[in-house]
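J.: Predicted model, plus sequence, below.
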Amino acid sequence: MKETKYYFTLIFIFIFVNSITAQDYFYKDKAPFNAAIPTPEEFLGYEIGEQHTRHDLIVAYLTKLAEISDRASIEVYGKTHEKRKLVMLTVTSPENLKNLETIKSNHLQFVNPAQTPKNYNEVPVIIQLGYNVHGNEPSSSEAALLTAYTLVASNSLEVLAYLEKSVIFIDPTINPDGRDRHTQWVNQYQSKTLVSDTIDAEHTEAWPRGRTNHYWFDLNRDWLLAVHPESQGKLKWMHAWYPNVVTDFHEMGTNSHHFFEPMKPIGSLDPIMPKENYEDLNTLFAPYFANALDKIGSLYYTKESFDGTYPGYGSSYPDLQGGLALLFEQASSRGHVQDTDYGKITFPFTIRNQFTSTFATIKAAVENKGYLRKYQQEFFKSSLTKKATSGFSGYEFQEKYDQNRKKAFIAQLLTHKIKVYKKGDTYTVPLKQPQHRMVQTMFETYNKYSDSVFYDASAWSLANFYNMKYKGVKSVKLGTEVTTTKGIVQNNKITKASYAYIVNWDDYNTPAALYYMQSKGLKVAAAFKPFTIGTSNGKINFNYGSLLIPISKQKKTSSEVYQIVLEAQEKFNVPVFGTNSGYSMKGIDLGSNNFRVLKKTKVAMLIGEGISSYEAGEVWHLLDTRIHMPITKIRMNNYGSADLDAYNTLVMVSGNYGQLDSLKRQKLKNWTAKGNTLITIAGGSKWMIAKKMVKESLIKKETATEKENKNKKEDTGTKVAALTKRLPYVEASEHIGRERIGGAIFEVELDITHPLGFGYRSSKLPVYKNNLVFLAPSKNPYATVAKYTENPHIDGFISKDNLEKFIKPAASIIVSALGKGRVVLFADNPNFRGAWYGTNKLFLNALFLGAEISVPK
Ligand SMILES: [Zn+2]
C-alpha cells in the first residue's frame, strides 16, 4: 500500500510539467480545476494520447472519480462475453445527484403519453455520452476520460452550469472486448520514436481486428437485434432512462477529417423516424459543433454521407425513443501518428476533436433542454394518435410448430418494450402504443425509396428474420398482455418409454438437443419421411427430420437412455415424445430404412486474413452459444498442416481464400470426395464455383469493360462509342452504389422434402441477401433446394436490374456432388447477425444432416 503511494507520488512529480501542456491542449478553457481530483495523466502515469488506455484502467479511473467526488456515481450495467465490465458514470451537480430518483421520475413523466407535465425547463436534461462502439476507433474512449475529469473537477462557471441543468451519463467503452484487442495491438507495436509510415505494423492491425466484439459482431448494428450482452445491458438502461440526447463516436479513414450530423437525408420515402428529428433537431445542434470545431481550426463536413435509415445503429435507435442521437466520425490515426495527404495526424489530435464535439453536445443540449423535452413528449404522445400509412391497427402472428423460435421473437418484442397480447394461439401487437414506431420497425416492409444508396441494410422487419407468419389487421382483438417469455414454450415432461423416443425437428432448439444426446453416447436417427404414431401424448404427426432414439439400439440401459433424453429436454425445452410401439398409423414405421442414423458432426471452419470475420463470427456464435457444440477455427496459415480427416464437416464463409493454391485446393477436394460435407456461404460459394471446385455456375454481372468488349465483337468501329450512354461524372458513385445490395429480404421457395428443408412446414421462406452472389440453378433437378419465387421482393432496396436479371432466375441454395461427398452452396447468409432465427435451421440442417445428403442422378 505504502509503496504504491510512493510510486504514484513519484509519477506525479515526474509528469507534472508535461501534464500542464497536455491539459492546455485539451481543456485550458475549462479551468480552474479542483486539485484534489487526479487528472487522467496523474492516475494513469502517462499523458492522454501518449498510448492507448486499457479498458480496466478506464473503469478504474471512473470508479476513482465516483469514489472521491460528490458529483459522480458509477454503475455496472452489464458484462461482455470476455467478462469485462460495462459501466456508466453519472455526473451532475451534488444537489442533482442526491435527488437522482426524483429527477428520473420527473423526467419519465415526459415519455408517458398519459401524462402532460409542462415544466419543460425545470427538469435537468438527460444526456448519454456513448464512446467507442467500434473497438479500433479508440480516440473517443480517451476523450471520455477527459470528459469525466472535466465534469468532475472543473469549477468553471460553464461546467458548473452544465452540471446544474443536466444529468450526464458517460459510457466510456461500449465495446470493451474489441477495444482491448486493438489497444493491445497498437501499444505492442508502438516505437519510442513514433513511426508514421502507414504500412508499419502499428497501423495495420491483423485479422479479426478490434472493430467487433468477442464473436466478431458489429455492436453498432446490434441495438435492434439485441443478440449480445453489450446491447442487452444498454437497451435495459435506455428503457430505464430515455435520454434526450445520445452520442455515438466513431473513427473513419485516416485521410478524412471530422463528421457531425446532419447525415445524408433519410433514405426511405416514409421513414419511421419523425422528419423533425432530422430537419429541426439536427439544424439546431449543427452550429454548436461547427462553432466549437472552428475555434480549434479542425476541418469537418456534414450531409454528404452516412444515413440513419437502419434503426439498429447507436445513432438511430435512441431517435426511436424520442431522443436525439448524434453520430460523430473522426479521421483515425489508427496507432499513435500516421501520415496523411495533409501531413501527420496524431492520436491526441483525434482525441481533442472528439472531446470538443462532446462539450459542444452538452452545451447544445443544455441550452435547448426545454425544446428537447417538449419534442420527446410530443414524440410519445403522437405514438397514440399516429395513423399507420398501411391502414393497419396492428399485427397478428401465430407459430404452432416451433415454440422456441416464437419465444425468441416475443423476447425481442419485450426487449423493446413493445406491448404484446395473446388470445388463444394468436399473438397481437397493436400499433396504438407508446412504442408505435418500434412496432412499425418490427413488422412493416418497404418497396419505395427516395434514395438508392444505403450505408448498410435497407430491410429490418424482424418478423421476417424470425420467419413469423404475420399479417396486418384493421382492428385488433387484444386478449391478455404478455409480460414475460416464461410459459410460452409448453412441452409435456417426457415419461419413461419402453420402445423409443421421438423429438420433433421443427423446434429451433432441437439441433442443440441432438448434439447433446449424441455427445452423451446415444444413437440418433432422423426421419427422411413423415409419419403419424401413437405417443405418450396421443397421436402425433411427425414432420421430416424428426429424431428417433430407439431404446433397444443403445449401448445403455433404458433408464440411462431416459435420463439423457430427459436432460436434453430440460436443457433445451424441446418437444419429446415416448412410444411403446414402432408401428405407425400413417407413413413410415420406426424400423424403416427412411430413418438414417446420424453421425456426430465434427466441424471446422477456415478463418483469417481475407475471410469475412462477420460471417465466421456468426457461425461460431451460433454453434457456441445456441447449439453448445465446439467448432474448430483453423487459421488459414495452419490449413496446410491441418489434418482435415479429424472433421466430417467444413465451413467456408465469404472470403478470397487467396492462400489456397492449387495443391491446397486439391486437398480440400480430396477430403470432400471421401464423403464429407463442405458448407459454403455467399462469397465462399462464389469462390467454389470460380475455382471450378464444383460443376455449378454463377449468373454473372458484366463489368463495364466486359460489356464494351462484347459490343466491340458485335459491332465494329465508331458504333462502340455511340452505344455507351454518357453520364455525369459526379453521379458515378450514386449509380454504382445503386447496384449494390446493402441488405434486403427476398422470398424463396424451399423444397421441404429435401434434408436441407427439414423442419419447415411452409415452402415459402424469407431470406436475407447482402451480396451479389447469384447462383445459377443446378442442372440436376433435385439439387436446387431453394430458389427465389416469381415475385421475391419482401423488404429493402433492390435495383430493377438486380431484381429482374439476377435474383429472379437464381437459386438460393444448391447441393453439388463431389465424389462421395457434397458441397452445400448458400448464396445468402442464413446466420446473418445472429438474428436470422428463420434461416438458421437451413445451415444447421447442412451441418447435422449433411452426411446423409446425396445428389440423385
Ligand atoms: Zn465506427
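T.: Cool, the structure landed.
J.: For the chain, which residues are neighbours of the ion?
T.: Counting by C-beta under 5 Å from the ion, the residues of the chain close to the ion are 134, 137, 250. (C-beta placed from N, C-alpha, C; glycine too.)
J.: Select from those every entry located in helices.
T.: Residues from the residues of the chain next to the ion lying in helices, with DSSP state H as the criterion: none.
J.: what sits opposite the residue of the stretch 201-350 of the chain found nearest the ion in the beta ladder?
T.: At 3.2 Å from the ion, His250 is the closest residue in the stretch 201-350 of the chain, using C-beta to the ion. On the basis of DSSP bridges, His250 is bridged to Glu329.
J.: Quick one: residues contacting it.
T.: 133-134, 137, 140, 220, 327-330 (C-beta atoms under 8 Å, 6 or more residues apart in numbering).
J.: what's the average pLDDT for stretch 627-647?
T.: Averaging pLDDT along stretch 627-647 yields 97.
J.: Please point out which parts of it sit buried.
T.: By 16 or more other C-beta atoms under 10 Å, the buried positions in stretch 627-647 come out as 627, 629, 631, 633-634, 636, 639, 642, 644, 647.
J.: Among those residues, which are located in helices?
T.: Those of the buried residues of stretch 627-647 lying in helices (DSSP H): 636, 639.
J.: Most neighbours out of the contacts of His250, which is it?
T.: Ser140 (32 neighbours; other C-beta atoms under 10 Å).
J.: And the closest residue to Asn244 other than its chain neighbours, how far from the ion?
T.: Closest residue to Asn244 apart from its sequence neighbours, by C-beta to C-beta, 6 or more residues apart in numbering: Leu372 at 4.4 Å. Computed as C-beta to the ion, to the nearest Å, the Leu372 to the ion distance reads 25 Å.
J.: just how off-centre is the longest strand along the chain within its chain?
T.: Assignment by DSSP state E gives strand 784-795 as the longest strand of the chain. Computed by C-alpha atoms, centre = their mean, to the nearest Å, the chain-centroid distance of strand 784-795 equals 24 Å.
J.: Would you point out which residue is most central in the chain?
T.: Residue closest to the average C-alpha location in the chain (C-alpha atoms, centre = their mean): Asp222, at 3.8 Å.
J.: Can you verify that residue is assigned to a strand?
T.: No: membership of Asp222 in a strand is not supported by DSSP: H, G, I helix; E, B strand; the rest coil, which gives helix.
J.: isn't it right next to Gly312, touching?
T.: Yes: the criterion here is C-beta atoms under 8 Å, and Asp222 meets it with Gly312 at 6.5 Å.
J.: Return the set of buried residues in stretch 373-382.
T.: For stretch 373-382, by 16+ other C-beta under 10 Å, it's 373, 375-377, 379-381.
J.: residue contacts, Gly308?
T.: With C-beta under 8 Å, 6+ apart, Gly308 has these contacts: 263, 266, 273, 278, 315-316, 319, 325, 327.
J.: Whichever of those end up buried, select them in PyMOL.
T.: Burial among those is assessed by 16+ other C-beta under 10 Å; the matching PyMOL selection reads:
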select buried, resi 263+266+273+278+315+316+319+325+327
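J.: so of the contacts of Gly308, which ones are in helices?
T.: Per DSSP H, helices hold no members of these.
J.: Tell me, what's the model's pLDDT at the residue of the stretch 201-350 of the chain closest to the ion?
T.: 98.
J.: before we move on, what about Met1?
T.: With respect to pLDDT, Met1 scores 42.
J.: Ok, Asn711 next?
T.: So, for Asn711, pLDDT stands at 56.
J.: Where do the helices of the stretch 301-450 of the chain begin and end?
T.: Ranges of helices within the stretch 301-450 of the chain are 347-367, 369-385, 403-415, 436-443, based on DSSP state H, counting those that start in this stretch.
J.: what angle sits between the shortest one and helix 403-415?
T.: Meaning helix 436-443. With axes from the mean of the first three to the mean of the last three C-alpha atoms, to 10 degrees defining the directions, helix 436-443 sits at 150 degrees from helix 403-415.
J.: can you check the first one too?
T.: Helix 347-367 runs at 70 degrees relative to helix 403-415, counting by the same axes, to 10 degrees.
J.: Helix 347-367 to helix 369-385, inter-axis angle?
T.: Comparing the axes of helix 347-367 and helix 369-385 via the same axes, to 10 degrees yields an angle of 70 degrees.
J.: what mean pLDDT would you report for helix 347-367?
T.: 98.
J.: cool, stretch 744-762 as well?
T.: For stretch 744-762, the mean per-residue pLDDT is 97.
J.: Same check on stretch 233-246?
T.: When pLDDT is averaged along stretch 233-246, the result is 98.
J.: Now for the residue nearest to the centre of the chain: which residues touch it?
T.: Contacts for Asp222 (C-beta under 8 Å, 6+ apart) come out as 228, 230-231, 312, 833.
J.: So which of those sits lowest on pLDDT?
T.: Lowest in pLDDT among the contacts of Asp222 is Gly312, which has 92.
J.: Excluding chain neighbours, what is closest to that residue?
T.: If the residues on either side of it in the chain are set aside, Gly312 comes closest to Leu224, at 3.2 Å by C-beta to C-beta, 6+ apart.
J.: What of Lys471?
T.: Nearest non-adjacent residue to Lys471, counting by C-beta to C-beta, 6+ apart: Glu396, 5.8 Å away.
J.: Show the contacting residues for that neighbour.
T.: Residues in contact with Glu396 (C-beta under 8 Å, 6+ apart) are 426-429, 470-471, 473, 476.
J.: Could you list the low-confidence segments of the stretch 601-750 of the chain?
T.: 702-723 (pLDDT under 70).
J.: how about the strands in it?
T.: 603-607, 632-635, 649-652, 677-681, 744-750 (DSSP state E, counting those that start in this stretch).
J.: coming back round to it: the contacts of Glu396, buried ones only, as a ChimeraX selection?
T.: Of the contacts of Glu396, the buried ones go into a single ChimeraX selection, burial set by 16+ other C-beta under 10 Å:
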select :427,428,429,470,473,476
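J.: From the contacts of Glu396, pick the one nearest Thr532.
T.: Thr426 (25.9 Å; C-beta to C-beta).
J.: contacting residues for Arg683?
T.: Not Arg; residue 683 is Gly. Gly683 makes contact with 612, 653-656, 771, 773 under the criterion C-beta under 8 Å, 6+ apart.
J.: Closest to Ile103 out of those residues?
T.: Distances from Ile103 to the contacts of Gly683, taken by C-beta to C-beta, are shortest for Ser612, at 45.4 Å.
J.: Save the contacts of Gly308 as TSV, and put in pLDDT too.
T.: Below are the contacts of Gly308 laid out as TSV (pLDDT from 0 to 100):
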residue	pLDDT
Met263	87
Ile266	62
Met273	82
Tyr278	85
Ser315	93
Ser316	92
Asp319	95
Ala325	96
Leu327	96
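J.: Would you map the helices across the stretch 601-750 of the chain?
T.: With DSSP H, counting those that start in this stretch as the criterion, the stretch 601-750 of the chain has helices spanning 613-621, 636-639, 662-673, 683-690, 704-714, 719-723, 732-738.
J.: Now do the strands in the stretch 151-300 of the chain.
T.: For the stretch 151-300 of the chain, the strands defined by DSSP E, counting those that start in this stretch cover 166-171, 245-252, 258-260.
J.: looking at these, which is closest to His214?
T.: strand 166-171 (17.9 Å).
J.: who are the neighbours of the closest one, in terms of helices and strands?
T.: Under the contact criterion of 3 or more C-beta pairs under 8 Å, 6 or more residues apart in numbering; DSSP states H and E, strand 166-171 touches strand 85-91, strand 125-130, helix 139-153, helix 347-367.
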